[in-house]
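>>> Here is the input, now give the coordinates:
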Amino acid sequence: MVPRLLERYRNEIIPEMCKTFNFTNKFAVPRIEKVVVNMGVGEALQDIKILDKAAEELGLITGQKPIIRRAKKAISNFKIKEGNPIGCKVTLRSNRMYEFMDKLISIALPRIRDFRGVPDNSFDRAGNYTLGITDQTIFPEVDIDKTSRSQGMEITFVIKNARKNEHSRELLKLFGIPFKSGD
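All right, here's what the predicted structure looks like:
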């Protein structure tokens with residue numbers, strides 16, 4: 001079964017992007033290569049169970065088992081030693097990526113209190129977009145009664161073939177990501 005957003009990308013977004021930016025070839029149109037969901041859990045230094053719980057919730061949200069990220073170098077001010085577990089990460093590709101994006105756009109983002117859109121200035125030089133979320137309970141898989149603490153996450157959309165940030169912004173807008181209107 002083809003995910004809804006992948007079908008939408010093939011049938012609606014590619015022709016629209018070709019028309020808007022005068023792409024002559026459909027393979028020149030930017031596409032989302034992968035979505036990386038990252039949770040930094042600094043409190044895991046005192047209690048490893050917090051990291052286990054965060055990894056379990058991230059697995060429920062994404063449908064894929066997260067990997068535990070460890071500190072690459074020691075930082076004495078934060079009492080971090082090299083090799084300490086400090087977070088978890090999931091890289092989503094193909095069908096799981098489109099299903100996660102669909103859930104994020106149509107279910108999770110509208111559940112944020114006083115939501116007025118996501119910031120449109122979080123693009124890097126390569127055209128990738130990073131979205132920060134402060135609470136994991138906006139996803140329907142997370143049981144609010146069983147969560148002991150609020151945990152934030154970063155969601156990075158890695159976009160291939162984006163020559164300019166405008167191309168990436170338009171691609172994400174056509175997928176349905178609600179950017180803030182002019183401030």
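>>> Give me the contact list for the longest helix along the chain.
With DSSP state H setting the assignment, residue counts place helix 48-62 as the longest helix in the chain. Defining contact as C-beta atoms under 8 Å, 6 or more residues apart in numbering, one finds that helix 48-62 is touched by 37, 39, 41, 43-44, 65-66, 68, 85, 87-88, 90, 92, 96, 100, 136, 139, 141-142, 147-149, 151, 153. The way it works is simple: take the backbone N, C-alpha and C, and place the C-beta from them, glycine included.
>>> Next, the contact list for the spatially most central residue of the chain, please.
In the chain, the centroid-proximal residue (C-alpha atoms, centre = their mean) is I155; its distance is 2.3 Å. I155 is in contact with 35-38, 104, 130-133, counting by C-beta under 8 Å, 6+ apart.
>>> ok so, going back, which among the contacts of helix 48-62 end up buried?
37, 39, 41, 44, 66, 68, 85, 87-88, 90, 92, 96, 100, 136, 139, 142, 151, 153 (16 or more other C-beta atoms under 10 Å).
>>> So which of those are in helices?
Per DSSP H, the buried ones among the contacts of helix 48-62 map to helices at 96, 100.
>>> mind listing which of the buried ones among the contacts of helix 48-62 are in strands?
Using DSSP state E, 37, 39, 68, 85, 87-88, 90, 92, 153 are the members of the buried ones among the contacts of helix 48-62 that sit in strands.
>>> so which one among these has the lowest pLDDT?
Lowest model confidence among these falls on P85, which carries 80.
>>> if we can go back for a sec, show me which of the ones in strands among the buried ones among the contacts of helix 48-62 is closest to R111.
M153 (14.5 Å; C-beta to C-beta).
>>> if we can go back for a sec, kindly export the strand or helix carrying the residue nearest to the centre of the chain (C-alpha atoms) in CSV.
Here I155 sits within strand 153-160, counting by DSSP states H and E. Provided in CSV are the C-alpha atoms of strand 153-160 (Å, rounded to 0.1, in the frame of the first residue of the first chain):
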residue,chain,number,x,y,z
MET,A,153,12.4,16.3,20.4
GLU,A,154,13.9,17.6,17.2
ILE,A,155,12.6,16.5,13.8
THR,A,156,14.9,17.1,10.9
PHE,A,157,13.6,16.8,7.3
VAL,A,158,16.6,16.0,5.1
ILE,A,159,15.8,17.4,1.6
LYS,A,160,17.7,16.3,-1.5
